[in-house]
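**Student:** what's the 3D shape of this:
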Amino acid sequence: MKVATFNINNVNKRLPNLLRWLRAAKPDVVALQELKATDAEFPISAVEKAGYGAVWRGQKSWNGVAILARKAEPILIRDALPGDASDREARYIEAAVRGIVVTSIYLPNGNPQPGPKFDTKLAWFKRLRAHAKKFIKQDIPVVLAGDYNVAPTPFDIYPTRSWDKDALIQPQSRAEYAKLVDQGWLDAIRERHPKQPMYTFWDYMRHRWPRDAGLRLDHLLLSPALAPRLHKAGVDRNIRGEQGASDHAPAWVVLK
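**Tutor:** Got it, this is the predicted structure:
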């Protein structure tokens, strides 16, 4: 079973890229982020024609998350992260697919920091951690997939000082990610590739893709009930080099 996460950075604008990748990679489950489309604008006809069922929560111009399932219909569990009834942003969706629970997470960027946006990022992380803890306690097979907007360690960003003030690499951001993993989650990409950076994001600015000036922001965390099934993990980095590509590449795991 192949589960992937892909920040598509505008699902309609990048639809040809998405469909090409689906045909080539044939993932069984895909968590998408940054749809940048309302519910009505989600390209469900094209997705279904490609052989995928889908659940999604859109938002005009910003955010938006979805879960696709190959030759199956995902069973929607929730389309918002618990813990803050005032949070209206489309950043979390959760579905059951073929016996496991899969999320699509689009964690707040947090810039500029310090400030209210960074505070929101940290608070969102705490809510995610509280929700994730329930999965651990109930011993549910779960993939926490998504764009966490955190490069967890210095190894997860190319050698540079240009991002030093960015919310993606602040000690507080990294500490929140570490606390989540410490609940018992397995960082699948790092587990399978301990000596390679495995970047998933290359900013459009300053020729960062040609220079391989990347960051690892997109993660697949496996619950203890699922971790023993980890077989392979990787990043389809060549997708980032396509014409009209997202600034992210798909990350994926294969479960036995």
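**Student:** Which parts of the stretch 151-256 of the chain are helices?
**Tutor:** For the stretch 151-256 of the chain, helices defined by DSSP state H, counting those that start in this stretch occupy the ranges 171-181, 188-192.
**Student:** Point out the most buried one among the ones you listed.
**Tutor:** Of all those, helix 188-192 carries the top mean neighbour count, a mean of 20, counting by mean count of other Cβ atoms under 10 Å. All C-beta atoms are positioned from the backbone trio N, CA, C, and that covers glycine.
**Student:** about what we covered before: mean pLDDT and distance to Asp164 added to the helices of the stretch 151-256 of the chain, as TSV?
**Tutor:** Listed next are those as TSV, based on pLDDT from 0 to 100; distance: least, Cβ to Cβ, whole Å:
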stretch	mean pLDDT	distance to Asp164
helix 171-181	98	11
helix 188-192	98	22
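**Student:** Tell me which of these lies nearest to Ala4.
**Tutor:** Closest to Ala4 of the helices of the stretch 151-256 of the chain is helix 188-192 (Cβ to Cβ; 11.2 Å).
**Student:** Just the CA atoms of that closest one, as PDB, please.
**Tutor:** Taking only C-alpha atoms (Å, rounded to 0.1, in the frame of the first residue of the first chain), the coordinates of helix 188-192 have been written out as PDB:
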ATOM      1  CA  ALA A 188       9.200   7.200   7.900                       C
ATOM      2  CA  ILE A 189      11.300   9.200   5.400                       C
ATOM      3  CA  ARG A 190      14.100   9.800   8.000                       C
ATOM      4  CA  GLU A 191      13.800   6.200   9.200                       C
ATOM      5  CA  ARG A 192      14.500   4.900   5.700                       C
END
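**Student:** name the helices or strands packed onto it?
**Tutor:** Where contact means 3 or more Cβ pairs under 8 Å, 6 or more residues apart in numbering; DSSP states H and E, helix 188-192 is packed against strand 218-222, strand 230-235, strand 251-255.
**Student:** hmm, back to that, of the helices of the stretch 151-256 of the chain, which approaches Ala54 most closely?
**Tutor:** helix 188-192 (22.9 Å).
**Student:** can you list the helices and strands packed on helix 188-192 in TSV and add mean pLDDT and mean neighbour count?
**Tutor:** TSV is the format used below for the helices and strands packed on helix 188-192 (pLDDT from 0 to 100; neighbours: other Cβ atoms under 10 Å):
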stretch	mean pLDDT	mean neighbour count
strand 218-222	99	26
strand 230-235	98	17
strand 251-255	98	25
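**Student:** Tell me which of the ones you listed sits nearest to Ala90.
**Tutor:** Counting by Cβ to Cβ, Ala90 lies closest to strand 218-222 out of those; the figure is 17.5 Å.
**Student:** Okay then, goodbye and thanks.
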